[in-house]
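Participant: Pasting the sequence and the predicted model now:
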Amino acid sequence: LLMSLSMNIPRYIIEYEHGVRMLGFYAAISYIMIAGVMILSSAGQSAIPRLAEYANNHNYSAMKLLLIKLVMLAVGCGLLGWLISYCFGETLLLHIYGVEYVMYADELNWIMLAAGLNYIALFLWYALTVLKIYKIQFYIFTVDVVLILALSLLFVPEMGVMGAVLALIILMIFHVVVASMVIIKVILARQKEFNVNGYASV
C-alpha cells in the first residue's frame, strides 16, 4: 500500500498543478520504467529460492555473490535502457506515443536513470525479504511517502514532469542506500553470531 502510494504521489501533484494532459505525458514515459520492472522482477523471483536457501543455511558468502550478480544485472539493464533512451529516445517516443511526446525526450533519459536505480532496489528488497527483515520495510516505506510528497511539492509546481522525475530519482537513491546499509549490517551481524555460536537468530 505504502509503495503504491509513494509511486503515485507525483502523479497526483502533476494533475493538481498542471492538469490531466501533463499527467498523461508523465504516465506514458514512466510506464517504460514499470515495464522494465515487470521484466526484471521475473529474474528476481526466480532467484528468491536460492537466496532463501543460502540465508537459511547461513551461507552468506554465496548469498552475497548471488546478490552482487543480481545487482550487476540491474545495473547493466539500467545502463542499456539509458543508452537506448539517450541515442533513440526521440525516435522511440515518436513511434510509440506520437509527435507530442518527442518534447519529453530529456525527461525520458532521466527517468531511465530512475529505472536503473529502481531495478537495483527491487533486488535489494528481495534480499531483505529472504533475510526476514520485515518491520524495517514498513518504516522505510512510511518515510518514502513523506519524502516523495515533500519532493513532489517542491519540484513539480515549477518543473512539471521533470520535477516528478527528479523526485523519483532521489527516492530511488534513498531506497538503494538504505536497503544496502540494512542488508550489509544484518549479514555482518549474522555472520559474526553464526561463527561464534554456531547459529544465527532470525
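Facilitator: Perfect, I can see it now.

Participant: Tell me the first helix or strand C-terminal of the worst-scoring helix or strand of the chain on mean pLDDT.
Facilitator: For the chain, the helix or strand with the lowest mean confidence is helix 20-56, at a mean of 85 (criterion: mean pLDDT, DSSP states H and E). Tracing the chain past helix 20-56, the next element assigned as helix or strand by DSSP states H and E is helix 60-96.

Participant: What is that next one packed up against?
Facilitator: Other helices and strands packing on helix 60-96, by 3 or more CB pairs under 8 Å, 6 or more residues apart in numbering; DSSP states H and E, are helix 20-56, helix 105-130, helix 161-197. In short, each C-beta sits where N, CA and C put it, glycine included.

Participant: Now the last one: average pLDDT?
Facilitator: Summarised as a single mean, pLDDT over helix 161-197 is 90.

Participant: Which neighbouring elements make contact with it?
Facilitator: By contact count (3+ CB pairs under 8 Å, 6+ apart), the secondary structure elements abutting helix 161-197 are helix 2-18, helix 20-56, helix 60-96, helix 105-130, helix 135-159.

Participant: Including distance to residue 183, could those helices go into TSV?
Facilitator: Written out in TSV, the entries for these read as follows (distance: least, CB to CB, whole Å):
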stretch	distance to residue 183
helix 2-18	18
helix 20-56	11
helix 60-96	8
helix 105-130	5
helix 135-159	11
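
Participant: weakest of these by average pLDDT?
Facilitator: Mean pLDDT across the helices and strands packed on helix 161-197 is lowest at helix 20-56; the value there is a mean of 85.

Participant: What residues sit buried inside that one?
Facilitator: When neighbours are counted by 16 or more other CB atoms under 10 Å, the buried residues of helix 20-56 are found to be 22-23, 25-26, 28-30, 32-33, 36, 40, 43-44, 47, 51-52, 54-55.

Participant: got a list of what the most centrally placed residue in the chain touches?
Facilitator: Relative to the mean C-alpha position of the chain, the nearest C-alpha, by CA atoms, centre = their mean, is the one of residue 118, at 1.9 Å. Counting by CB atoms under 8 Å, 6 or more residues apart in numbering, residue 118 touches 33, 36-37, 172, 175.

Participant: just how off-centre is stretch 29-37 within its chain?
Facilitator: 11 Å (CA atoms, centre = their mean, to the nearest Å).

Participant: oh, I was asking about stretch 158-170
Facilitator: Going by CA atoms, centre = their mean, where stretch 158-170 is centred and where its chain is centred differ by 15 Å.

Participant: Same question for stretch 111-131.
Facilitator: Put simply, stretch 111-131 sits 5 Å off its chain's centre (CA atoms, centre = their mean).
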